[in-house]
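*Asks:* Quick check, what structure comes out for this input:
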Amino acid sequence: MGLTPGVVHVAYGDCDHCAYGSTYPGCGIACVSYIEDVIFRRYVAPEEVAAIFVEPILGEGGYIVPPLEFHRRLRELASKYGILFVADEVQSGMGRTGRMFAIEHWRVVPDVITIAKGVASGMPLGATVASSRIMSWKPGSHGSTFGGNPVSCAAALETIALLENGLVENAARMGEYIMHRLEPIADRFRHIGRISGKGLMIGIEILRNKRSRKPYPALRDRIVEACFWKGLLILPCGPSSVRFVPPLVIGEREADIALSIFEDVLSHLEGKRGTR
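*Replies:* Next up is the predicted model:
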């Protein structure tokens, strides 16, 4: 249930660690069915639900890519009950996944898209995008004291131009390159679990071992710190994962350097510190 009043949280479509004890694809996408079968029956009537918010790819929760049917079923559920379907693209949007917006990978059209962070290349800016059917407010109905900063808006216009002129395609190409390079690393090291993501939004799960699949946050944190001291900035996410989110201008040379540092750190930690 939710920590914020009026909000109900539902487990994400994580097929490797299913919150409902099911196995894909025979689960019938239980993570979506649960909303209609349990939430709408026991906790809140669908007529009282304004919107379903979802990240196309789970960000802070571990860079998890849901199954193919997940977003399509959510879209169908929202449409069935007249609920707005909102794609939170703050992390995954603006070319990060090899598409302008990550939800495009599932060929699903949301009612609302939330955008921030990458839209202005680091300058403070956020935006809410929706169809004219929804954004039917009269001028002045919604205001913001600090909205529309001209410098941030200029940065956003230049960012969008760069994305449309090659950086989205580069994110897709380099994402495939990095994922391909990570495959032998995952095979070599016993603490590497799932590698997931799209484009340049890549998560690498750190486990105690591949058989138990238990998370190993202590080792994950040591990996992040060791990479930092070698000049590679990576971030933690989820219970026990690290994330690679390089700038969209990255090329193969920079990717090779980053992966070499990552592999050296894994070799050192697995070989010399007894991380079994």
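*Asks:* where exactly do the strands run in this structure?
*Replies:* Ranges of strands in the chain, per DSSP state E, are 51-54, 84-88, 112-116, 126-130, 192-198, 201-206, 235-237, 241-244.
*Asks:* Reformat these as TSV; add distance to Ala30.
*Replies:* Yep, even glycine has a C-beta here, placed from its N, CA and C like the rest. Shown next, in TSV, are the strands of the chain (distance: least, CB to CB, whole Å):
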stretch	distance to Ala30
strand 51-54	16
strand 84-88	19
strand 112-116	26
strand 126-130	30
strand 192-198	19
strand 201-206	22
strand 235-237	24
strand 241-244	23
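*Asks:* Which of the ones you listed comes out lowest on mean pLDDT?
*Replies:* Among the strands of the chain, strand 126-130 has the lowest mean pLDDT, at a mean of 92.
*Asks:* Given it, what are its sheet partners and their directions?
*Replies:* Strand pairing for strand 126-130, determined by DSSP bridges: strand 112-116 (antiparallel).
*Asks:* tell me the most buried of the strands of the chain?
*Replies:* strand 201-206 (a mean of 25; mean count of other CB atoms under 10 Å).
*Asks:* pull the CA atoms of it into CSV?
*Replies:* The C-alpha trace of strand 201-206 is given here as CSV (Å, rounded to 0.1, in the frame of the first residue of the first chain):
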residue,chain,number,x,y,z
MET,A,201,20.0,2.5,-19.4
ILE,A,202,21.8,-0.6,-18.2
GLY,A,203,21.5,-2.4,-14.8
ILE,A,204,23.8,-5.1,-13.6
GLU,A,205,22.7,-7.2,-10.6
ILE,A,206,25.2,-8.2,-8.0
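*Asks:* Within its sheet, name the partner strands of it and how each one runs.
*Replies:* Using DSSP bridges, the strands paired with strand 201-206 are strand 192-198 (antiparallel), strand 241-244 (antiparallel).
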